[in-house]
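>>> Build the 3D model from these lines:
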Amino acid sequence: MVSDKDLKEVALTRAEYQKIHELLGREPTKLELGIFGVLWSEHCSYKSSKPLLRVLPTESNKVVIGIGENAGVIDLGTGYCIVFKIESHNHPSAVEPYQGAATGVGGILRDVMSMGARPIAILDSLRFGPTSHARSQYLFDQVVAGVGGYGNPFGCPTVGGEIYFEDCYKENPLVNVTCVGIAKTDRIIRGKAYGQDNPVLLVGASTGRDGLHGASFASVELDQEQQARRPAVQIADPFMEKCLLEALSEVIDLHYNDIIGVQDLGAAGLTSSCAEMAHRGGSGIEIEVTKVPQRDVGMTPYEIMLSESQERMLLVVRRGSESQICEHFNKWGLHCSEIGKVTDDGYLTIKEYGRLVTRLRLDDLLDSVPIRSYEAAPKTEVVAHDIELAKIEDVEEASDALLTLLRSDDLRSKRYVFRRYDHQVGINTVIKPGGDAAVLRIKETGQGIAVTTDGNGRYCFLDPYVGAQIAVCEAFRNIVATGSVPIGVTDCLNFGNPENPKVYAQMQLVIAGIAEALRWFQVPVVSGNVSLYNDTGDRPIFPTPVIGAVGLLDDVTKAIGIGFIEEDSYVFMCGETRNELGGSAYLKYIHGLIAGRPPSVDLIEERAAHKFILDLASRGLLLSCHDISDGGLLVALAECCITSGLGVWCPEVHAYPGLRKDALYFGESQGRFIFTCRPRSVPTVQSVANSYHVNITLLGMVRGDRMVIGDDVNLSIKEIAKAYDPTLNV
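Okay, the predicted model is just below:
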C-alpha cells in the first residue's frame with residue numbers, strides 16, 4: 001500500500017489513488033504513480049477549476065486556435081496572426097526567485113514558439129509583500145532580475161506589465177508572465193501526434209534531474225519544507241533557447257509540410273508532452289528512455305519521464321524527414337534525438353533497453369481525472385460591506401495626498417524595474433513601458449498590436465465578481481487608450497486553496513465576473529492558466545485574476561500615448577465620477593484601510609466610452625489619451641504631465657453638490673478617460689460624445705510647467721516627477 005507521504009509527494013489524494021488502482025486493476029508502480037500524479041495535478045488537469053471555466057466565451061470570427069493548445073491564435077486579417085498566452089510560476093519563484101522567474105519566462109516563450117510563432121513581446125505581472133519587509137525586497141529584486149536575465153539575452157523585449165504590493169503576497173509572490181508572438185497564418189503548428197510509426201524527436205537541451213515534481217509542487221500549498229522543494233525548480237539557459245528558436249524557425253521554413261506537431265516540454269516534462277500530443281492526435285506514443293540525451297549519470301525512467309529540464313521541445317515529423325530535420329538542430333549545437341514513435345493503440349508506452357516498463361491508456365491519464373467540487377461559502381461572506389463615507393475625513397491638503405500617492409509602492413513609477421529590461425530589442429516597440437499599454441509594430445503589415453496585463457487583487461478581495469469585471473474593463477481601457485480595438489484575452493487566475501469555502505466562492509465569482517464582462521465586449525479568451533494553493537499556512541492570497549489583453553491597430557503610426565503633446569490643447573474627462581472610495585489606493589495609503597466595496601461597473605456605459613474613444617481616434621482627433629484608474633483623476637493627470645514635461649491648468653475643477661472632494665480627486669470610478677484635443681476639434685468631439693450618450697467634462701488646458709487644479713493643487717512638474725520617480729533627471 002502506498003503511504004500518505006508518497007501520495008503527498010505527487011499531490012494525489014487517497015481517493016484519487018483508489019481511482020488509479022481501479023483503472024489499472026492493480027497497484028501502480030512508482031513510475032506510474034508519478035505519471036498519474038503530474039497529469040492529474042491541478043497544474044496540468046485543472047480538476048478544481050475546469051467546470052467553472054466553461055462559462056468563459058472562447059470564440060469569435062478572429063479566433064484561429066483557442067483553448068486547449070499551447071497558446072491561443074488570433075487572425076490579423078493580413079496573412080499574419082498573433083499567438084499569445086499567460087502562465088504562472090508562483091511557487092518556484094517563492095523558493096528560488098531568480099530561477100523561478102527566469103524559467104517562467106522560458107516556458108511561456110516556448111509555448112508561443114511551439115505554435116510556429118516568433119516571440120515579439122514579454123509582459124510580467126508581479127505581486128509581492130511590502131518592500132519594507134526584507135524577504136519581500138529580496139524576492140522582488142531576484143524575480144525582476146530573473147525576468148530580465150532570461151528575456152534580455154534571449155532577445156525578446158519586455159514591454160509591459162504591472163507590480164502590486166500587499167501583505168498577503170509576503171510569503172507567496174505571484175509571478176505571471178505573458179508572451180506574444182507573430183506567425184504566418186498558414187504556418188501555424190499544433191501540438192498533435194498522429195501517423196503510425198512517425199518518429200518522435202526530442203530537441204534542445206539534455207535531460208537532468210532538475211524540476212522533478214514541478215507540476216505537483218505547483219499544486220500544493222507552500223509549507224515549512226519550502227527549501228526542500230528546490231529540486232522542483234528548473235535551471236534556465238536563455239542562450240540555448242535562442243538557438244532553439246532559430247533552429248525551429250529554419251525547420252518550419254524548410255520542412256513545414258513534414259512537421260506533424262510540436263510541443264513544449266514544460267510542466268511534467270516528457271510525460272505531459274507525449275501524452276497530450278498523442279491524445280490530441282487520436283493516436284498512441286512509444287518512448288525508449290535510453291535514447292533521451294541525459295546530462296546526469298544513472299537516471300531512471302522515473303527521472304527521465306518526470307524531469308522538467310528546460311529548453312526542450314518534442315517534434316513529431318513524417319518518417320523519412322527526420323535526418324534532415326535533425327541536421328538543422330545539430331547545426332545550432334542542440335541535441336536532436338529520435339526517442340520513440342507514434343502508434344495507433346491509444347497508449348503511452350515506455351521502454352528501457354527495449355524492455356517494457358509501463359503501458360498506460362491515454363484515456364485513463366487524461367480523460368479520467370476525478371473532477372473536484374468543493375463547498376462554496378455564501379456570497380455574503382466574501383463580499384465586503386460598503387464603507388460609511390461620513391466616518392472618513394475628507395481630504396484637506398490635496399497636494400500632499402497626491403504626492404503621498406505618487407510615492408507609494410503601488411503607484412510610483414516602475415521605471416526602476418523596466419529599465420532593467422531590454423524593451424526595444426527587435427525595434428518594434430512603438431509605445432514603450434510606462435503608458436497604458438505597449439504598442440508593437442508588425443513590420444510585415446504596418447499594423448500595430450497593443451498589449452497589457454491588468455488585475456487588482458484588492459478589488460477582488462472586497463468583491464470578487466465586481467473586481468473581476470474591473471480587471472477586464474481596465475485591461476480594455478488601456479488597449480483602447482492607444483487607439484486599438486481589443487480582440488483577444490489570455491487570463492491567469494491566481495487563488496488560494498480551493499478546499500477553503502471562501503476561496504472556492506471567490507473562484508466562482510471571479511470567473512463569472514470575467515465571463516460576463518467579456519460577453520458584453522464580445523472578446524474571447526483564447527488561452528490561460530489557473531494557479532491554486534497560493535497560501536502560506538492558513539492565509540490565502542487575495543483572489544488575483546490577471547487579464548492579458550491584445551488589441552489591433554490598423555495603422556501603427558496612429559498609436560496614441562498618455563503624455564500631453566501640445567500647448568493650449570483642451571483636456572477633457574470622459575465618464576462619470578461618483579462617491580466611490582472603497583478599495584482605492586487613496587483609502588489604503590492615506591487612511592490605512594483596505595475596506596469597502598470597489599467602484600461599481602456599468603458595462604453599458606463602459607462599452608459606450610470605449611466606442612467613443614475609438615471613434616475619436618479613428619478620426620484623428622485625439623492628441624493623447626489615458627485611462628483613469630489607480631489613484632484617480634489627479635494621479636492620472638500627474639502621469640500625463642510627467643510623461644510629457646508639460647503642465648495642466650484646470651482652474652474650475654470642483655466637486656459638484658453631494659460629491660466629496662476626495663472622491664473627485666482620488667476616487668477610482670470606472671469607465672473614465674482623460675484625453676486632449678485641439679480647440680477646433682471640440683464641436684466634433686461633443687457631437688460624437690452625444691451620439692454615444694457619453695458624458696464629457698472640460699477640465700482645462702495643457703499649459704506651462706505646473707499642475708494647477710483649482711485652488712487645491714499648484715505643483716511644479718519637477719515636484720510631482722521627483723515624488724513619482726526620484727531617479728528622474730528633471
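>>> When you work out contacts or count neighbours from here on, use the C-alpha atoms and nothing else.
OK.
>>> My read is that Tyr46 contacts Ser531, right?
No: look at Tyr46 against Ser531 with Cα atoms under 8 Å: they stay out of range, at 9.1 Å.
>>> Counting neighbours, go ahead and name the busier of these two.
Ser531 (26 against 22; other Cα atoms under 10 Å).
>>> which stretch of helix or strand covers the nearest residue to Asp662 once chain neighbours are set aside?
Among residues not flanking Asp662 along the chain, Val395 sits closest, at 5.4 Å (Cα to Cα, 6 or more residues apart in numbering). Applying DSSP states H and E as the criterion places Val395 outside every helix and strand.
>>> With the one 10 residues further on instead?
Taking DSSP H and E as the definition, one finds Leu405 inside helix 398-407.
>>> Point me to the helix or strand that includes His21.
Per DSSP H and E, His21 falls inside helix 14-24.
>>> And the following helix or strand past that helix, what does it pack against?
Using DSSP H and E, the next helix or strand after helix 14-24 towards the C-terminus is helix 30-39. Packing partners of helix 30-39 (3 or more Cα pairs under 8 Å, 6 or more residues apart in numbering; DSSP states H and E): helix 214-217, helix 269-280, helix 301-306, helix 362-366.
>>> Reformat the ones you listed as CSV; add mean pLDDT.
Below are these laid out as CSV (pLDDT from 0 to 100):
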stretch, mean pLDDT
helix 214-217, 50
helix 269-280, 96
helix 301-306, 95
helix 362-366, 97
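>>> Figure out which of these is closest to Leu509.
helix 214-217 (25.9 Å; Cα to Cα).
>>> now Ser399, nearest residue through space, not along the chain?
Val713 (5.1 Å).
>>> Run a quick check on that neighbour versus Glu396, I expect a contact.
No: the criterion here is Cα under 8 Å, and Val713 misses it with Glu396 at 10.9 Å.
>>> who's more crowded, the two?
Per other Cα under 10 Å, whichever of Val713 and Glu396 has more neighbours is Val713, with 18 against 11.
>>> ok, the more buried one - contacts?
Ala398, Ser399, Met707 (Cα atoms under 8 Å, 6 or more residues apart in numbering).
>>> Now for the first one, how many residues are close by?
So that's Ala398. 20.
>>> ok, the nearest residue to it once chain neighbours are set aside to Cys473 distance?
Closest residue to Ala398 apart from its sequence neighbours, by Cα to Cα, 6+ apart: Asp712 at 5.9 Å. The gap separating Asp712 from Cys473 is 30 Å, by Cα to Cα, to the nearest Å.
>>> now Gly645
In terms of Cα to Cα, Gly645 sits 29 Å off from Cys473.
>>> Show me which of those two is the more surrounded one.
For Gly645 versus Cys473, the count of surrounding residues by other Cα under 10 Å is larger for Cys473: 26 against 19.
>>> Am I right that the more buried one is in a helix?
Yes: using DSSP: H, G, I helix; E, B strand; the rest coil, the assignment for Cys473 is a helix.
>>> tell me the contacts of it?
Cys473 makes contact with Ala517, Glu606, Gly671 under the criterion Cα under 8 Å, 6+ apart.
>>> still on that earlier bit, Throw the helices and strands packed on helix 30-39 into TSV and include mean neighbour count and distance to Ile163, thanks.
Converted to TSV, these look like this (neighbours: other Cα atoms under 10 Å; distance: least, Cα to Cα, whole Å):
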stretch	mean neighbour count	distance to Ile163
helix 214-217	26	24
helix 269-280	25	30
helix 301-306	22	33
helix 362-366	19	36
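>>> Looking at these, which is nearest to His693?
Closest among the helices and strands packed on helix 30-39, using Cα to Cα: helix 269-280, at 48.2 Å.
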